[in-house]
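# Here is the input, now give the coordinates:
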Amino acid sequence: MDQIPDGSSPGRSQRPPTLWESLIPLLAIALLMGVGYGFYQLPAEVLLIAASAVAGLIACRLGYSFREIEAGIIESMMKAMPAMLIVIVVGALIGSWIAAGTIPWLIYYGLQLIAPHYFLLTACVVSSVISLVTGTSWGTVGTIGVAFMGIAHGLQIPLDQAAGAIVAGAYFGDKISPFSDTTNLAPVAAKSNLFDHIRHLLWTTLPAWGLSLAVFFFLGLAIPHTSTASLEQMDSILATIETHFHYHWLVFLPPVITLYAAVRKRPVIPYMLLSVLVAVLLALFVQDAGLQPAVGSVLAGHSATTGQPMVDRLLNRGGMLEMMDITLLALCAFAFGGIIQRAGMLDVLLDRLLRIARTTGALITATVASCFTVALLTGSSFLSILIPGELFAPAYRKRNLAAKNLSRTTEDSGTVIMPLIPWSIAGVFMAGTLGVPTLAYAKWAVMCYTGFLFAILYGFTGIGIAPRIRDDETVAGS
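Here you go, the predicted structure:
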C-alpha cells in the first residue's frame, strides 16, 4: 500500500477501541511487570518498551499509522519535559551541596539531636531530618539506620520497633524532600509543580508522621532506661565530618536560596542553578576542593574518601548522571501512556472508571487501589507512581481537580508502601540492612501506612482538596 509523506495510509479509517482492546495493553503491562520485573528482576525499561509495542499493535489495529503513534509518544514526553529538567537539576544540586559541605553539616547537627532516653522518638526524628536533607531513604537506613540498630541492641530496645522507627523516619524525609527521586517523579507523572506538590503533601504526611511520633513516644515510656550503650559509631561519624569538611556559616546559603525560591514562588530552575553555582564556589573556597572535584560533583556527584565507609556510603551520591536512570524509566513509561492516549484506549478506560468513581473520594480511592496494585505486582516505587499518575491525570482534569491532588495520592500510596512489601526491592533492602524481617517492622512503621488513609478521608470530606486553577499546572502556585 502506498504511503503518503507523513506516514499515514490514504483511505485508512480509524475507529474507537472496544473495552477489551483497551484492556489488553494494561493486562500486558501487568503481566510483564508482575512476572518479568517482580519475579525475574528483568529491566523495567525493556518491559515498558515491550508493553508499548503491544499498545502500538492495538493502535495499528484501530487504524493508526506509525507516525500518529510516534506523535502520541512525543506529545506525552514533551508535556513532562519541564519537570524532567527539574529532576536532572536536582541531581546537580545534591552533588554540589555535598561537595560544598552543606549536606554533611546538616547531617552533623541532625545527629546532635540524639536523646538516648527517648530512643524510638529520636531515631524517627533524626532519620527524618537526614533523609529530608539527603533525599534518600536507602542512604539514611544504610548508614545512620545501621548505627541506630547498634545502639538499640545495647539499650535492649525491641529491634522490630527500632527498625520501624528508622524506616518511618527515613520515608517521611524521602517523601517530602525536594532531592528525592520519587518526590520529583510524582509531579512529573501527574504534571504538577514540584514545590506545590511538596506543600500539598504536608496535608497527609504531617498527620501520619505525628501519629508515628506519638506511637514511638508511648512505646518509649515502656522501655527501661537503665542500660547504657556505646555511641562510638555516632562519634566516629561526627568526627569524620568535622575532619573532612570545614565549617562556615556560608555552607547553609545554598538551601536558603532554594527555600527563598519556594516561598516567593520564583521560577524553580534558575534559582536551583544559582544554588548549584554557589555550592560549587563554596566547594572551591571553603572546602578547598580542586576545580575538577568541585565541578565534577555537578555531573557525576560527590566522591567521598573519608576512610569511614559509613560516611562514604551516605555522601557518595548526587550528580546529573544519577538521575539518568529515573529519566529513562520515566520516558519509557510516558511512551506507553502516549500510545494508549493517542489511540483513545485511555479514554475508554477512564470513562468506565468514572462511571464508578462518581465522587472525588471514589476517584482518590481508585487511585490508591491502582497504586497498591502496581506496587504489589512490580515492587517498584517508580512504576507505582508513573503508571497510575499517567493513567489518572485526565480524570482529575475532567473533574477540575488540581494535579497536585493526584501527585500527592500517588506518593501516599506508592512511595511509602514499598518498604512494607517483603518481595519489593525496598522491603528486601530494609530487612537485610537492619536485620529485621519486613513483616516484623512493618506494623511499627506507622507513617508508611496511614498517609493514604488521610488521602481517602480528605477525598470524601473535601478537606485539603485543591481545585484546578490553570491549564499549565507545572507553574508554581497552581
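# buried set for stretch 18-31?
Of all the residues in stretch 18-31, those buried under the rule 16 or more other Cβ atoms under 10 Å are Glu21, Ser22, Leu23, Ile24, Pro25, Leu26, Ala28, Ile29, Ala30. C-beta: built from backbone N, CA, C; applies to glycine.
# One more: stretch 282-289?
Using 16+ other Cβ under 10 Å as the test for burial, stretch 282-289 gives Leu282, Ala283, Leu284, Val286, Gln287, Ala289.
# Let me have those in a markdown table, adding pLDDT, secondary structure and distance to Leu132 as columns.
Shown next, in a markdown table, are the buried residues of stretch 282-289 (pLDDT from 0 to 100; DSSP: H, G, I helix; E, B strand; the rest coil; distance: Cβ to Cβ, whole Å):
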| residue | pLDDT | secondary structure | distance to Leu132 |
| --- | --- | --- | --- |
| Leu282 | 97 | helix | 20 |
| Ala283 | 96 | helix | 22 |
| Leu284 | 97 | helix | 27 |
| Val286 | 96 | coil | 23 |
| Gln287 | 95 | coil | 22 |
| Ala289 | 93 | coil | 25 |
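# wait, which of the residues you listed is closest to Thr136?
Ala283 (20.0 Å; Cβ to Cβ).
# Who are the contact partners of that closest one?
Contacts here follow Cβ atoms under 8 Å, 6 or more residues apart in numbering; on that basis Ala283 touches Ser96, Ala99, Ala100, Gly101, Ala289, Pro293, Ala294, Ser297.
# What about Arg397, how many residues nearby?
16 (other Cβ atoms under 10 Å).
# and if you look at Thr143?
25.
# Identify the residue nearest it in space, chain neighbours excluded?
Leaving aside its sequence neighbours, Thr143 sits nearest to Leu314 (Cβ to Cβ, 6 or more residues apart in numbering; 4.2 Å).
# contacting residues for the one you found?
Ile107, Thr134, Gly139, Thr140, Gly142, Thr143, Ile144.
# hang on, Asp471 in a helix?
No. Counting by DSSP: H, G, I helix; E, B strand; the rest coil, one finds Asp471 to be coil, located in no helix.
# Do you know the pLDDT at it?
According to the prediction, Asp471 has pLDDT 82.
# what's around it, how many residues?
8.
# Use 804 as the first number from now on
In the new count, where the first residue is 804, that last one comes out as Asp1274.
# Phi first, then psi, for it.
phi -70, psi -50 (degrees, to the nearest 10).
# wait, Leu1016 sits on Thr925?
No. Counting by Cβ atoms under 8 Å, Leu1016 stays clear of Thr925, with 10.3 Å between them.
# Looking at the buried residues of stretch 821-834, which are in helices?
The members of these that map onto helices under DSSP state H are Glu824, Ser825, Leu826, Ile827, Pro828, Leu829, Ala831, Ile832, Ala833.
# now these as TSV including pLDDT and distance to Pro1057?
Formatted as TSV, those follow (pLDDT from 0 to 100; distance: Cβ to Cβ, whole Å):
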residue	pLDDT	distance to Pro1057
Glu824	94	51
Ser825	90	47
Leu826	91	48
Ile827	93	49
Pro828	90	43
Leu829	85	43
Ala831	91	45
Ile832	86	40
Ala833	84	43
